[in-house]
Each structure stands twice: as structure tokens, then as C-alpha cells.
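Engineer: A predicted structure for the sequence below; I have some questions about it.
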Amino acid sequence: MLTIATEVPLARYSTMRLGGSAAFAVAVSDAQQAAQACRWAMDHGLPFIVVGSGSNIVWRDEGFEGLLIVNRISGYEEVAQPDGSVLVTAGAGENWDTVVERSAASGLTGIEALSLIPGTAGATPVQNVGAYGQDVSQTLVSVQAYDSQTGAMVSISNQECRFGYRASRFKSDDRGRFVITSVSFRLGWGSIQPPYYRALQAYMDEHGSTDTSPASIRQAVISIRSDKLPDPAKVANNGSFFANPIVSQEVFDTIARTLPELEIPHWPADGGIKLSAAWLLDQAGFKDYHDTATGMATWHRQPLVLVNEHAADTAGLLVFRDSIITAVADRFGVSLQQEPELLPVTA
């Protein structure tokens, strides 16, 4: 039996704590309820949006005239495979960091660098979550989901997810089609192999650490993230608000010629050059920046994190966001892309 609530404040379902109200909302705890919720919405001619903890969501002030489905599907299982790997399956509503913690405690490698990333397991393939040299696409085997178009439960393989940099089919062509019920990863024994991500290597060098076990790498990542990033349970934020932009070699060379006095952090990526969005914001004057007009700010240890200090509405956040995008474009000719989803999506 589904319990449908009405006029639910959406700020409860975003760690930025802004937005209007959902006309209807329901929490689901298993795949059958997820399917029932989808059918209820379709039977009533309503759109639906599925959320976990809301760590990667910004809600519009006008709210959502549909059904909000809150995914609370739990579960965690490790199954040894004939090739010596281990298949880890987690319910979509499981806290992601708990999944990482349990796998690392078992000595399994593959997702330990994704420690302390807020959100639920079911949200990780949507964004192809990544950090410190690992991302979900490297180990994900399949996504189990309810397909609202066919009315059937389906298993979607890694290849079928069409992963890209912070992207997947769930975020583009098939946005809103599937309700993810669980995710499965193939993890191995051993540890991350060098070369290590720069921040991780710096931490290991500073602490004289030679232990590269999954549990040790997890603790290192937790220390790095805790030092740089605010806890969304205490400070309203969505984590990194902008993706690291990937530009052509030509664009990078132009920036380097225009600003020869600057040492520009960059890495080869996907046939182009990846730039540090945090560095771009810092150079554009947004380090520890507080905007009294909108009530928004950048976190003092990481300018990529936009913080809701006392914003009255999402409109203020978007004004602040646009001022940053404009300043970076004017200075470097680079267009920043927002990472958190702005919902509901408009035509």
C-alpha cells in the first residue's frame, strides 16, 4: 500500500535546502512499490521524479506538479565470482558511503576512492560519480531498474548505460524513464595502483603512508574530503557545483598565451585538456566569496562548493551561479557546466 503525501516541501529533498513544493510525494522501499508509484503517476496523468538524498539536486522555486518518488530501497550483498572477483549489489536507496565502507572493510578495491561522496547508491550511475582516479563506470556491471515505458523490470549493462564524463543515458536521452532499484559492481582484491591522483599522492607523501589497502585509501580520501568540503548535513550545499571543463588543445594554448604569468593546472582527458574548475573560480575572484545580495557563498576551503548561507530562494542561487559562469567566461573564454540537476527540467 502506497502512502501518497500532498504539498511536500522540496527543500527537504535537496541538500541545498531550497525550492518550492511537490504536489505529491511517496517513499518506496522495494522494487514492487517503485513500480506501483510509477503506475500511480501515469494513471493520474502526472510526471514523476525519483530522488535519493537530494545531494545532487537543486529544485526550482515553482515546485513540481507531479509525483516525487523517494527511493528508500535498501540491501547489500557480496557474491564471489568464478574469476576471483566479487559482485557487490546494493539497493538504490542505500547510503553510498556505507556501501563503500562495507566493501573496503572486506578488502575489496574499485570504489574506495569514492568514499564520503554524499548520496545514495542508485544515484551514482546517473552522474557517473568519480573522484581521486576512480569512477563508477570502471567497475559497474549492471543497473537494475523499472522501465516506465515498457512496464517491466530490466537489467541495464555497463555498456548500455552509455557513460561519459559525469554523464550517462539516465541523465540525457532516458532522463526520467527508469527507476533504479539496485546497482551491481565487480570489485577485486588488492589495491589502487600508481600513479595516484595528485591530491591522494600528496596526502600519502605528507603522512609517509605506504599502506595502499582499500581501507587505508578510504581513510585517506575521507581525511582529504573532510578537510576541503563541508558536511551537507550541517552546511547547505551540493558539493562540487561545477564540473571540471574539458577544452581543446587550441583553447588551452590560447589561455596559456593570454596569461603567460599563470601556471594553469591541467590534465589530458578524452582527446582534450581538462582544467581545474576550482582554479578557474579562484583566479576569477571567487575564493571564500560571500554574496550578501543572494545569501550565497563559496566554501572557504573549496570555491567549487556553493553554500547556501541565507538564500531566500533558488532564484538567488541561480543569480550567483550565473555571475560565476560569466566571470570565468570573460576571463578565460571557458564555459562552466553545472553538476547538480536543476529540477524539474523545463523544455
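Structural biologist: In hand now; what should we look at?

Engineer: rest of the way, CA atoms for contacts and neighbours
Structural biologist: Will do.

Engineer: Counting neighbours, what do you get for residue 146?
Structural biologist: 21 (other Cα atoms under 10 Å).

Engineer: I misspoke; the intended subject was residue 172.
Structural biologist: Neighbourhood size, residue 172 [other Cα under 10 Å]: 11.

Engineer: distance of it from residue 55?
Structural biologist: 19 Å (Cα to Cα, to the nearest Å).

Engineer: before we move on, what about residue 63?
Structural biologist: For residue 63, the distance to residue 55 - Cα to Cα - is 17 Å.

Engineer: between the two, which one's more packed in?
Structural biologist: residue 55 (25 against 19).

Engineer: OK, contacts around the more buried one?
Structural biologist: Taking Cα atoms under 8 Å, 6 or more residues apart in numbering as the contact definition, residue 55 lies against 14-16, 118-119, 232, 237-239, 340.

Engineer: And the contacts of stretch 5-13?
Structural biologist: 17-26, 51-54, 57, 59, 63.

Engineer: Identify each buried residue in that stretch, please.
Structural biologist: For stretch 5-13, a neighbour-count test (16 or more other Cα atoms under 10 Å) marks 8-11, 13 as buried.

Engineer: can you check stretch 92-109 too?
Structural biologist: Of the residues in stretch 92-109, 92-105, 107-109 count as buried by neighbour count, 16+ other Cα under 10 Å.

Engineer: Equivalent analysis for stretch 153-172, please.
Structural biologist: For stretch 153-172, the neighbour count (16+ other Cα under 10 Å) marks 153-155, 158, 161-163, 165-171 as buried.

Engineer: show me where the stretch 151-300 of the chain has strands.
Structural biologist: 152-157, 178-189, 237-240, 246-247, 266-269, 272-275, 290-291, 296-299 (DSSP state E, counting those that start in this stretch).

Engineer: can you tell me which of the ones you listed the model trusts least?
Structural biologist: Across the strands of the stretch 151-300 of the chain, strand 266-269 has the smallest mean pLDDT, namely a mean of 90.

Engineer: and that one, what other elements does it pack with?
Structural biologist: The elements that strand 266-269 packs onto, with contact taken as 3 or more Cα pairs under 8 Å, 6 or more residues apart in numbering; DSSP states H and E, are strand 272-275.

Engineer: Tell me the strands beside the strand it packs on, with direction?
Structural biologist: strand 246-247 (antiparallel), strand 266-269 (antiparallel) (DSSP bridges).

Engineer: Nearest to residue 309, out of those?
Structural biologist: For residue 309, the closest of these is strand 246-247, at 30.2 Å, according to Cα to Cα.
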